[in-house]
Structure formats: structure tokens, C-alpha cells
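J.: Please work out how this folds:
(2 chains)
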Amino acid sequence: MAIVTAGSAGGGRVLINSVALSDHAKNFVLNIGQETRDVTAHGNSVRVFRPGLGLVTLDVDFFNDHAAGSVEATLRALVATSSTGFPVEVRKYNTGSTTVNPTYSFTAVFDGDLNVLSEDIGEVGMVAAKFLAYTGTFTVSTTAT
Amino acid sequence: MTKHYQHVGAAPIVVNGREYAPGMELREEIEPKLEEFFLVIGALRILPPEDRPQNKKGG
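T.: Numbering: from 1, shown residues only, chains lettered A, B, ... in the order given. Sure thing, here's the model as predicted:
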């Protein structure tokens, strides 16, 4: 069993369309849950449900950086109505994949607001990004890479 | 087609499973859509022939 604090052993890995933004990611949350549908009918004494569609989301809060090829440039280029998806990948540790450090990846599309400037006096500029699945393929790999 | 690039961005990139830090030069065949992305965000520049190591004069 390994219970460790997030950020230990060098921290996690966040790869957005092949750009490694791990060192700007304050936190990230990968969700691979599913929806449900209420099928409660007459005769039921409790609400009952059936599985709905899967829902894959990746939320990342970045410290913003306007340098070439960094956070703002990467995210801004991914907001496009003609997007055909791009790969995203996260790991608990920024090291090779193993059974205790699986690589989670999927083809994503950017969702929602992209606040390229969010300036609060005295604070570090942050930018939140949300990625949703572009295809139905979600991969968990423990193969060393 | 394999091309010669220089990583001129601020964040590491991963190309064909290999990670490149800022400043590194790379010879890779990059899928056109990804190459365009790297060029647009300023992560890569295509090295002109005179800047490639094999064409630089020794000093």
C-alpha cells in the first residue's frame, strides 16, 4: 500500500497535446465516472437507477505563463471550433508508467472558459482548464514509457 | 518527413515518446497537425540548414 501526499517524489505529470505543463499545474482532477438514469416506477419504494453514459473530465488549475510554448500559448491554440481533439495525459508521478503509476490518457476537447488573463493584485495569475472526451476511448496504461 | 527542429519554447515537449527540454535540438518526424501546433505556440522552430550541427563550422 502506498498512501502518499500529492506532489511527493517530484509530483505528477500533466501533458497537454504533447506539451509537459506539470511544473505549472497546481492541481489536477481526472474523473472517469458515469451518468445514471432514474428508472423509478410505480411500485418502487426507493429511487432506482440504471447506468448512463460514461463521463470523462480532466480539470487542471495552472499557474499562468505567457512564455512561448507554455501554458497560455498551449491552451489558447487548443480552443478551436474546428478541433478534432488532442491527446491529454496525466500520471500521479512524473516518472515512467508502472502499476502504481498508471498513465491515464484520452483524446480531449477544450470545454468552457479560458481566462488567459486573471489578475488579482498581489496574487499569481491562474488559469483553469477543463477537458472533455472527444472520442470514447479512455486508456489506462501501466506499460513503462 | 524527418526534420531538424530546435525547441524554443518554455515547457518540455514529448515527441514520439521522447521528451525534449527547452533549448534542445531534435530530428523527428512529427505528424503535420502536431508540428503546426508546436510552431504556432512557439515551442519549436525548424532549423535552417546553416544552423544544423553538421553544417556549423567547427571553432
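J.: SS state for A:Val29?
T.: Counting by DSSP: H, G, I helix; E, B strand; the rest coil, the backbone at A:Val29 sits in strand.
J.: Give me the phi and psi for A:Leu78.
T.: Main-chain torsions, A:Leu78, degrees, to the nearest 10: phi -90, psi -10.
J.: helix/strand/coil for A:Phe106?
T.: Classification of A:Phe106 using three-state DSSP returns strand.
J.: What of A:Glu35?
T.: strand.
J.: ok, now B:Lys33?
T.: Per three-state DSSP, B:Lys33 ends up helix.
J.: likewise A:Arg76?
T.: A:Arg76 is classified as helix under three-state DSSP.
J.: Could you list the residues of chain B in contact with chain A?
T.: Within chain B, the positions adjacent to chain A are B:7-15, B:17, B:19, B:22, B:33-34, B:37-38, B:40-44 by C-beta under 8 Å from any C-beta of the partner chain. Glycine gets a C-beta too; all of them are placed from N, C-alpha and C.
J.: Tell me the buried residues within the residues you listed.
T.: With neighbours counted by 16 or more other C-beta atoms under 10 Å in any protein chain shown, these contain buried members at B:7-15, B:22, B:34, B:37-38, B:41-44.
J.: before we move on, the earlier item: restricted to strands, list the residues of chain B next to chain A.
T.: Per DSSP state E, strands hold the following members of these: B:7, B:13-15, B:19, B:44.
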